[in-house]
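**Q** please work out how this folds:
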Amino acid sequence: VKAFSIGFHEQEYSELQYARAAARRCGVELYTEVISGNVLDMMPDLVAHYGEPFGDSSALATWYVARLARPQVPMVLSGDGGDEAFGGYDSYARWMETAPPTGVVRQLVSASGTALRPGAGRGRRLPQKGRLPELGEWQKCIVYMNDESRRMLWRPEYGELVDQPCELFEGAARRAPTEDWLAYAQYMDYQTYLPCDILVKVDVASMFHGLEVRTPLVDLRVVELAASLPVRQRSRGTLLSRRIGKYVLKQILAKDFPRSFITRRKGGFAIPRAVWFQPGQPGRRLLEDVLLDPKSRLCNWFNKDTIHGHIAAHQGRWDNSGVLWLLFVLGLWLNQNSDVSFA
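**A** Take a look at the predicted model:
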C-alpha cells in the first residue's frame, strides 16, 4: 500500500510529521513532496483547467498531491466526506455555539447566568431554548465576508446582488432536519459544500494528471451509519470546553495513536496563503499584479479603493488571505474570459 502527502516549508502549515507517523504505524510506503510559494506561478493554468472561478485554495495542494501520486498509481482513496459524516469541521463547532443548550449544560447556564455563555464578554447572547436553526445564521459560520463588507466591495450599481438568495442553499435549508442542530449543518454541507466544492476540487485537480480518486466515506452505507449516531458520538463538547469533532472515529484511533496525534488542531488541506501574500513575498507581488492591474476587469464590478483596502489590510498578524484568494482567482479567470459580463 502506498500513501501520498505534501508539505510546506512553512512548518505551521505542514502535516508531514503526522503523515510519516501514520505511515509508520500502518506499515505503508509514504511518498512526500515539500512545495513553496513560487508554486503560485502555475495558478493561471489551474484556473483555466477548472473552467470557472473556483475559489477553494486547497485545489492547489490537491493538484500537487495528485501529481505526486500519479507516477506510482492510477487510482487512490481519499477521506473526503468524513468531516460531513462525522461532524469534523471547525464550522460545526462555531455553529454549535449558537445552538440552544441542552441537558446539564442548560442547567449550569441557568444557575450561573452569563458567565458560561459562549464568547462571554464579547456581547454574544445565549441561544434560547427551542429555537430552530436558520439559514442566515448557518451562513454566518461559513462566509469570508459579511453582507456589509460585500456591499462595500461591489460597485453601487451591483449592490442589490448582496441580498439575492442562493437557490441551492435555500432549497437545502427547507429540507434540512431542524431538531438536531449538528445534523442541520451536516445536511447543508452534504447538499452544498461537498458536491459543489470538495468533490469538484478533487475530481478536476486529479484528472489534470489522469489520476482517479475514489471516496469510500461517501458510500451510502457509511453515510447512513454516521447519520444514525447520536450527537455525542459525532461531536462532543460543551460551552465549558473545546468541541471535539469526529468523536467516535478519534476514540477508535486512540487505540493505536497517542492523544497528541488525535487532538491536535485541525489543519484541513490549507496552503500557506497567509504567508505567501505578506508584503515582500513573491505571492504578494503576483497578487498585486492581478488585482491592481489598470486593465483588470475586476474593477468593472468591484470598487477599486475597496480592493486596495483589502490588500493593505493583509499584513502582520491580520489574515485577510481568504478574501484576497477569492479576488485573485476571480481576477485570473476574468482575464482568461473576456466575454464574461453581468448583462
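**Q** going by neighbour count, list what's buried in the longest helix along the chain.
**A** Assignment by DSSP state H gives helix 321-336 as the longest helix of the chain. Within helix 321-336, the residues scored as buried using 16 or more other C-beta atoms under 10 Å are 321, 323-335. C-betas here are computed from N, CA, C, even on glycine.
**Q** how about stretch 65-75?
**A** So stretch 65-75, judged by 16+ other C-beta under 10 Å, has buried residues 65-70.
**Q** with stretch 280-287 instead?
**A** Across stretch 280-287, burial judged by 16+ other C-beta under 10 Å covers 283-284, 286-287.
**Q** quick check: mean pLDDT of that stretch?
**A** Regarding stretch 280-287, the rounded mean pLDDT is 94.
**Q** what sits up against that stretch?
**A** If you take C-beta atoms under 8 Å, 6 or more residues apart in numbering as the criterion, stretch 280-287 is touched by 37-38, 40-41, 43, 273, 275-278, 311, 324, 328.
**Q** buried ones among those?
**A** 37, 40, 43, 273, 275-278, 311, 324, 328.
**Q** nearest to residue 147, of the residues you listed?
**A** Nearest to residue 147 among the buried ones among the contacts of stretch 280-287 is residue 324, at 19.1 Å by C-beta to C-beta.
**Q** that closest one contacts residue 314, correct?
**A** Yes: counting by C-beta atoms under 8 Å, residue 324 touches residue 314, with 5.9 Å between them.
**Q** between those two, what contacts are shared?
**A** Contacts common to residue 324 and residue 314, judged by C-beta under 8 Å, 6+ apart, are residue 277.
**Q** so which residues of the stretch 1-150 of the chain form strands?
**A** 2-8, 29-35, 75-77 (DSSP state E, counting those that start in this stretch).
**Q** now the angle from the first one to strand 29-35?
**A** For strand 2-8 against strand 29-35, the angle between stretch directions is 20 degrees (axes from the mean of the first three to the mean of the last three C-alpha atoms, to 10 degrees).
**Q** mind listing what strand 2-8 pairs with, with the direction of each?
**A** Sheet pairing for strand 2-8, assigned by DSSP bridges, gives strand 29-35 (parallel).
**Q** what residues does the partner strand touch?
**A** So strand 29-35 is in contact with 1-9, 14, 16, 19-20, 23, 61, 64-65, 68-69, 72, going by C-beta under 8 Å, 6+ apart.
**Q** give the buried residues for it.
**A** 30-32, 35.
**Q** model confidence over it, on average?
**A** The pLDDT scores in strand 29-35 average 96.
**Q** again, but for stretch 9-21
**A** The average pLDDT for stretch 9-21 rounds to 91.
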